[in-house]
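Colleague: test case, fold it:
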Amino acid sequence: MTSSALRLRFGIIADPQYAAAEPDLRLDRYFVNSLDKLDEAVRRFNAEELDFVLTLGDVIDRGFENFDAVLAVYAGLRHECLFLPGNHDFKVEEARLGEVHERLGMAAPYYDLVRNGCRIVVIEGSDISLFAPPPGDPRRATAEEMLRALQQAGATNAQTWNGGVGEAQFAWLSERLTLAEEAGETVIVMGHYPLFPHNEHNLWNAEEVAGLLVRSPAVAAYFCGHNHTGNYGELGGTHFVNFRGMVDTERENAFALVEVFDDRIDITGFGREPNRRLALR
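Modeller: Predicted structure coming up:
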């Protein structure tokens, strides 16, 4: 392959899902062991020159108090540390639902940043859900309607532990992609819930959001977690990469180093995460 300029280099972690709790042997999830796995990832990332490290949600499995121990491990990173929440991050006391984004150091539920001609767009897939909006928030009623429609249609992703992107956020996402197109930027969108291929873990309105991404010539890839077994698909030249869950298995780890070049994205996987080379259109 001919040489191509390296534009961005960052770490990815999906679903550490820490909790001071006994393992779920049925799902092969070892919640306490995630602290040691995270420590291994932090040490590996600290040995690299990276622009940032981003976690694709489910930092905890449940219980607001568990943020303390897991974020203390992240504090050992020498790089910028970015987060987005997953469905499990909202398994906290209802009175603390509004504190989750702030506890993860997020100024807003969805956001973007531009580095060296690359725009990282972070979306909030729990925007419309049965668990993230506080009680009485109209988004809960919208979530009930959306889930009911999916159930009536027999959709496999009609699950209470999934969520959707609301109209305001969809408009914001469309605007950010337009800005990226006008600036000639390469876009990677990050979210918790998969969009493609179809899977029971997918965002409720996955097809609508995936369609928006595929229509944008600026979007190179969408990265997510949530489906702990991992997945990959390509649609219209856009890559959809579902990273494997760190919490799964007693000892094996899962995290990745991502390098964005002019003509490709290289993913170096650690532990259960595979290596990938993704050609850019």
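
Colleague: okay, CA-based contacts and neighbour counts for the rest of this
Modeller: Noted.

Colleague: can you tell me how far the residue nearest to residue 62 when sequence neighbours are not counted is from residue 226?
Modeller: Leaving aside its sequence neighbours, residue 62 sits nearest to residue 91 (C-alpha to C-alpha, 6 or more residues apart in numbering; 4.8 Å). Using C-alpha to C-alpha, to the nearest Å, one gets 15 Å for the distance from residue 91 to residue 226.

Colleague: and if you look at residue 254?
Modeller: 13 Å.

Colleague: which neighbours do those two have in common?
Modeller: 14, 245 (C-alpha atoms under 8 Å, 6 or more residues apart in numbering).

Colleague: mind checking the pLDDT average for stretch 177-187?
Modeller: For stretch 177-187, mean pLDDT is 98.

Colleague: look up phi and psi at residue 202.
Modeller: Residue 202 adopts backbone torsions of phi -70, psi 150, taken as degrees, to the nearest 10.

Colleague: nearest residue to it in space, please, no chain neighbours.
Modeller: Per C-alpha to C-alpha, 6+ apart, closest to residue 202 is residue 194, 4.6 Å.

Colleague: name the next helix or strand downstream of the longest helix along the chain, please.
Modeller: Taking DSSP state H as the criterion, the chain has its longest helix at helix 167-183. As assigned by DSSP states H and E, the chain's next helix or strand after helix 167-183 is strand 186-190.

Colleague: contact partners of that following strand?
Modeller: By C-alpha under 8 Å, 6+ apart, the list of residues contacting strand 186-190 reads 56, 117-123, 177, 180, 218-224.

Colleague: again, but for stretch 106-122
Modeller: Contacts for stretch 106-122 (C-alpha under 8 Å, 6+ apart): 7-8, 82-84, 101, 123-124, 169, 173, 176, 180, 184-191.

Colleague: okay, now the residue lying closest to residue 236 once chain neighbours are set aside: neighbour count?
Modeller: Excluding its sequence neighbours, the residue lying closest to residue 236 (C-alpha to C-alpha, 6+ apart) is residue 214, at 5.9 Å. Neighbour count of residue 214, defined by other C-alpha atoms under 10 Å: 19.
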